[in-house]
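Asks: Sequence unavailable; structure follows:
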């Protein structure tokens, strides 16, 4: 890029990085000198990813479950999971964190800034590569990244139209999926464009090889990005073949090179997939269906863009066969393929990930490409207004996130001292030695505060009793007894459980966890499946009856199956220790900045 282009790109990147860091800046400002090192969560699933990164920083095996305190070991082998297959981002993050000498939380703070910087730079480069001038490329980058939530039908636009909200903030920044690899999608698109456009056969092969490397990295980074990239490649290649014989040969050559390179690495990917945990398809809501899906927001936006393209082409404002217009059309076709691939494969798995993390950004890229193809370019004043509106919209989306998660981020930071103390205690309790020698830690932690259980594996290696993330790491199953054990120790009685399962409890977090653990994700979150099945009253009664029988017959042998080493409670809660004290002896405990930490020893027979 020229010096002028670099200045434009860096200016835009500065704005995007600022938007990305706003939640962290807000946390720093509110905590001041009391900040203990927590990262500001921008998506509810990030605790899973930071836990996995922390385990890798600690030198634990690629296949691990930080929530259950398990590592792959000859005495206790673990299957592959989504985390161990999509391992490239965490390996890069872990390596850099070790070099710098920072914990997982700090790595996640750096990551969100790096992801914003790399994404804005590569998207700017993508627009410049496809023919946009500096002002359009710069404003287009802001437009794409700030309106991505709206193009998914979420965030502020959903709040204004429907009065509720499911996703807040800027989705591409979710750490580390998709943020760490998001920029690679646009690197891939740019390299394919260069390969198709160049007249130099050596350069074309070089760009194709580089594109295949980018796609290969996406394969081991994020399922929804690499499948979107592969689907888009087919779209643009087919469209390119209609340009003429010479372009048809180019498209075939590019497809062939990328296909061969992909075939070289795909057997390794297939091997890992075939060795996944048997329950992951159920956990991640893999369903069999051939239902058509054509009314998602990115598809509606794409249909509108293609309609506008045909209209302006008829009026000679642009040439329908120009490279940038063909790229725009290919990106508009992408959502229809992604949301309807099940018509061919018969399988679908949480397609909303396409809606939030790539299809929405693809259709916005199509808008920018279309504008850059007009014979008459937009005025500087219009571009300035669009840039200002984009930044304001992005600020509004981030503000929604701050309103929704600002207080919980403060609570997370307040937990860090007691979590660090648990990490210090590993020098005495033998956690790491147990993981190395038999792949299983016996130093399990219990707390009635699920938010603390969620955050603990990001800071300490001990397992947690409810195994919050074990379903996702492939080492747990729904309706496991340890869920019932957790509820029992929390003092939940059958009447309380009924309230939790009916969604009527004031403890929203525990209610959601109990419902998911007992009935499965797809029964609690209808958007995960095409065939939502509401939880029935008789199912709730059956679960309550099972739980009543479980706690009535609870014994020392049952407690010993999931032996506890520590309990952590918030000092002011007045927690009822009666169920814990029935089976364990507590030491005098430690008071650590608002939390009480006790060591436990199972009582004798």
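Replies: Yes, it's here. Owing to the predicted nature of the structure, the values given are computational and were not obtained by experimental measurement. Numbers count the residues shown, from 1 in each chain.
Asks: average pLDDT across the longest helix seen in the chain?
Replies: Identified as the longest helix of the chain according to DSSP state H is helix 380-424. Here helix 380-424 scores 95 as its mean pLDDT.
Asks: Pull the distance from it to the chain's centre.
Replies: 16 Å (Cα atoms, centre = their mean, to the nearest Å).
Asks: Mind giving me the packing neighbours of that helix?
Replies: Using 3 or more Cβ pairs under 8 Å, 6 or more residues apart in numbering; DSSP states H and E as the contact test, the elements touching helix 380-424 are helix 3-31, helix 134-146, helix 156-162, helix 450-459, strand 564-570, strand 590-592, strand 595-602. Where C-beta positions appear, they are placed from N, C-alpha and C, glycine not excepted.
Asks: C-terminal to that helix, which secondary structure element comes first?
Replies: Counting by DSSP states H and E, the element after helix 380-424 in chain order, helix or strand, is helix 426-429.
Asks: Tell me what angle the longest helix of the chain forms with strand 564-570.
Replies: 130 degrees (axes from the mean of the first three to the mean of the last three Cα atoms, to 10 degrees).
Asks: For the remainder of this discussion, apply numbering that starts at 136.
Replies: Right, with 136 as the first residue, what we last looked at is helix 515-559.
Asks: now helix 515-559 and strand 730-737, what's the angle there?
Replies: 40 degrees.
Asks: low-scoring pLDDT stretches of this structure, where are they?
Replies: 136, 414-420, 451, 604-606, 609-615, 657, 661-666 (pLDDT under 70).
Asks: And it, split by domain according to the record?
Replies: Per automatic domain parsing, the domain ranges recorded for the chain read 161-536, 552-737.
Asks: Could you export those domains as a markdown table, including mean neighbour count and distance to residue 152?
Replies: Converted to a markdown table, the domains of the chain look like this (neighbours: other Cβ atoms under 10 Å; distance: least, Cβ to Cβ, whole Å):
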| stretch | mean neighbour count | distance to residue 152 |
| --- | --- | --- |
| domain 161-536 | 19 | 5 |
| domain 552-737 | 18 | 23 |
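Asks: hang on, the earlier thing: quick one, which of the helices and strands packed on helix 515-559 is nearest to residue 183?
Replies: Comparing the helices and strands packed on helix 515-559 by their distance to residue 183 (Cβ to Cβ), the top pick is helix 585-594, with 8.6 Å.
Asks: what's in contact with the closest one?
Replies: With contact meaning Cβ atoms under 8 Å, 6 or more residues apart in numbering, helix 585-594 is reached by 173, 182, 185-186, 188-190, 201-202, 238-240, 543, 546-547, 550-551, 553-555, 557-558, 580, 582, 597-601, 603-604, 644-645, 648, 703, 730.
Asks: repeat for stretch 472-491
Replies: Counting by Cβ under 8 Å, 6+ apart, 287-289, 302, 306, 359, 362-363, 366, 369-370, 416, 419-429, 431-434, 470, 493-494, 662-663, 665 sit against stretch 472-491.
Asks: What of stretch 328-337?
Replies: Residues outside stretch 328-337 that contact it (Cβ under 8 Å, 6+ apart) are 261, 264-265, 338-339, 342-343, 346, 371, 375, 382, 385-386, 388-389, 458, 462.
Asks: Point out the ones among these that are inside strands.
Replies: Taking DSSP state E, every one of the contacts of stretch 328-337 sits outside strands.
Asks: In helices, which of those residues appear?
Replies: Among the contacts of stretch 328-337, the members that lie in helices (by DSSP H) are 261, 264, 338-339, 342-343, 346, 371, 375, 382, 385-386, 388-389, 458, 462.
Asks: what's the farthest-apart pair in the residues you listed?
Replies: 261 and 388 (21.8 Å).
Asks: Now do the longest helix of the chain and helix 138-166, the angle between them.
Replies: 50 degrees.
Asks: So residue 693 is in contact with residue 617, correct?
Replies: No: assessed by Cβ atoms under 8 Å, residue 693 is found out of contact with residue 617, at 10.3 Å.
Asks: What segments of the stretch 386-535 of the chain are helices?
Replies: 415-418, 432-449, 458-473, 477-480, 487-492, 494-508, 515-559 (DSSP state H, counting those that start in this stretch).
Asks: Can you say which of those is nearest to residue 154?
Replies: Taking these one by one with Cβ to Cβ, helix 515-559 is closest: 5.0 Å.
Asks: Residue 310 is in contact with residue 357, correct?
Replies: No: using Cβ under 8 Å, residue 357 is not in contact with residue 310; the gap is 11.9 Å.
Asks: Assign a three-state SS to the residue nearest the centre of the chain, would you?
Replies: Taking Cα atoms, centre = their mean, the centroid of the chain lies closest to residue 312, which sits 3.9 Å from it. Following DSSP: H, G, I helix; E, B strand; the rest coil, the label given to residue 312 is coil.
Asks: got a list of what it touches?
Replies: By Cβ under 8 Å, 6+ apart, the residues touching residue 312 are 184, 221, 224, 357, 492.
Asks: mind giving me a markdown table with those residues and columns for distance to residue 530 and secondary structure?
Replies: Output for the contacts of residue 312, formatted as a markdown table (distance: Cβ to Cβ, whole Å; DSSP: H, G, I helix; E, B strand; the rest coil):
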| residue | distance to residue 530 | secondary structure |
| --- | --- | --- |
| 184 | 25 | helix |
| 221 | 31 | coil |
| 224 | 27 | helix |
| 357 | 27 | coil |
| 492 | 21 | helix |
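Asks: rewinding a little: possible to save the domains of the chain as CSV with distance to residue 155?
Replies: CSV is the format used below for these (distance: least, Cβ to Cβ, whole Å):
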stretch, distance to residue 155
domain 161-536, 4
domain 552-737, 19
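Asks: between those, which one is nearest to residue 148?
Replies: In terms of Cβ to Cβ, the element of these nearest to residue 148 is domain 161-536, at 4.3 Å.
Asks: How far does that closest one stretch from one end to the other?
Replies: 11 Å (Cα to Cα, to the nearest Å).
Asks: now swap in stretch 569-585 and tell me
Replies: Start and end residues of stretch 569-585 are separated by 25 Å (Cα to Cα).
Asks: all helices for the stretch 586-735 of the chain, in order.
Replies: Along the stretch 586-735 of the chain, counting by DSSP H, counting those that start in this stretch, helices occupy 605-608, 616-624, 629-636, 643-654, 656-659, 672-687, 691-696, 713-716.
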